[in-house]
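Chemist: Quick one, structure for this:
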Amino acid sequence: MKSQRRWFPLAAATVILLIAGLWWINNFTNRENLLVFSTVESEKKDFTLADGTLVSLNENSRLSYPAAFENPTRMVKFSGEAYFDIAKNPSKPFIIQTTDTKVEVVGTEFNLRAYPTEVKTEILVSAGKVNFQEKTTKNSIVLIANQQGIFANGKLKKVENPKTNTYAWKSGVLSYKDTPLKDVLLDLERVFKIKTELQNQAMGKCTLSGQFPNAQPNAILKYAATFLKMELVEVAKNQFRLKGGGTCE
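Modeler: Numbers count the residues shown, from 1 in each chain. I've put the predicted structure just below:
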C-alpha cells in the first residue's frame with residue numbers, strides 16, 4: 001500500500017502530461033499537412049503549385065497549400081498580396097480563403113490584396129471570372145475582367161474599370177491620367193511605404209497625367225512639384241513634404 005501511494009502521484013502526473021501533449025498536437029499541429037510559401041519585407045517571389053497555378057507573392061505575404069490537390073476543391077489559405085494565374089480545371093474549383101473573404105474560380109487571372117493589418121480586401125480581375133464572397137454572411141459578387149471587388153466595413157462592392165495601379169508592385173510601372181494629386185500621393189504611400197505631407201490642401205484637387213516605368217517615388221514627386229509649381233522637401237528618410245502652389249491652372 002505504501003509503495004502504491006508513492007507511485008500514484010507520478011502516475012497521475014504522467015497521465016496529465018500525456019493528455020496535455022495529445023491536446024497540443026490536436027490543436028496546434030497542421031493536421032492538413034499544408035506547405036507554406038511566404039515572403040518578408042521588400043521580398044517578392046514567384047512559384048508554381050502542383051496543379052500548374054502560377055503565384056507571384058508580394059512582400060509580407062503567406063500562402064498555405066497542399067502538396068497535391070486531392071480533394072474535390074483546390075483549397076488554399078492566403079494573407080498579403082499576390083497575383084494568381086489559376087490553372088483551368090472546371091471540375092475542381094480553386095478556392096482561396098482569407099481572413100474575411102473567399103475567392104472561388106476555375107481558371108482565371110487576378111490580383112488579390114488581403115493584408116490582416118488593412119481594413120479592406122481588394123481583388124482586381126484581369127481575365128476570366130471570379131466569385132468573391134464574404135465569409136460570414138456568404139454574400140457574394142461575380143467579377144469579370146476589368147472589374148474590382150472590395151470588401152470593407154462588412155460590405156462587398158463592385159467597381160467597373162477602376163483607375164488603379166494595382167499591378168504596380170509586380171510590373172514596376174505607375175500610370176496616371178487626370179488623377180488628383182491627393183490620390184497620387186496615397187498611391188505612392190501604398191506602393192512605396194513612404195509618408196507624404198501636402199502643405200496646401202487645395203492643391204490636392206489638381207490633376208496629373210503621366211506614365212512612369214521603373215517608378216521611383218522621388219522622381220514622381222519631383223515631376224508633380226515641377227508641373228504644379230510647388231517645392232518638394234525631403235523631411236527625413238521616406239518622408240516628403242510638398243509646399244506652396246497656387247491654383248491648378
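Chemist: Tell me where the protein has helices.
Modeler: 2-28, 168-171, 181-192, 217-227 (DSSP state H).
Chemist: buried set for the last one?
Modeler: Within helix 217-227, the residues that qualify as buried are 217, 220-221, 223-225, counting by 16 or more other C-beta atoms under 10 Å. C-betas here are computed from N, CA, C, even on glycine.
Chemist: Now do the end-to-end distance for stretch 223-234.
Modeler: 14 Å (C-alpha to C-alpha, to the nearest Å).
Chemist: next one: stretch 219-238
Modeler: End-to-end for stretch 219-238, by C-alpha to C-alpha: 13 Å.
Chemist: Below-threshold pLDDT in this protein: ranges please.
Modeler: 1-32, 249 (pLDDT under 70).
Chemist: Look through it and tell me its longest strand.
Modeler: strand 74-85 (DSSP state E).
Chemist: That strand packs against which elements?
Modeler: When contacts are defined as 3 or more C-beta pairs under 8 Å, 6 or more residues apart in numbering; DSSP states H and E, strand 74-85 packs onto strand 54-57, strand 62-66, strand 94-97, strand 109-114.
Chemist: Please put the alpha-carbon coordinates of it into PDB.
Modeler: C-alpha atoms of strand 74-85 as PDB (Å, rounded to 0.1, in the frame of the first residue of the first chain):
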ATOM      1  CA  ARG A  74      -8.200  23.100 -54.700                       C
ATOM      2  CA  MET A  75      -8.300  24.900 -51.300                       C
ATOM      3  CA  VAL A  76      -5.500  27.300 -50.100                       C
ATOM      4  CA  LYS A  77      -5.200  29.900 -47.300                       C
ATOM      5  CA  PHE A  78      -3.800  33.300 -48.000                       C
ATOM      6  CA  SER A  79      -2.800  36.600 -46.400                       C
ATOM      7  CA  GLY A  80      -0.900  39.500 -48.000                       C
ATOM      8  CA  GLU A  81      -0.900  40.400 -51.700                       C
ATOM      9  CA  ALA A  82      -0.400  38.200 -54.800                       C
ATOM     10  CA  TYR A  83      -1.100  37.800 -58.400                       C
ATOM     11  CA  PHE A  84      -2.700  34.500 -59.300                       C
ATOM     12  CA  ASP A  85      -2.800  32.800 -62.700                       C
END
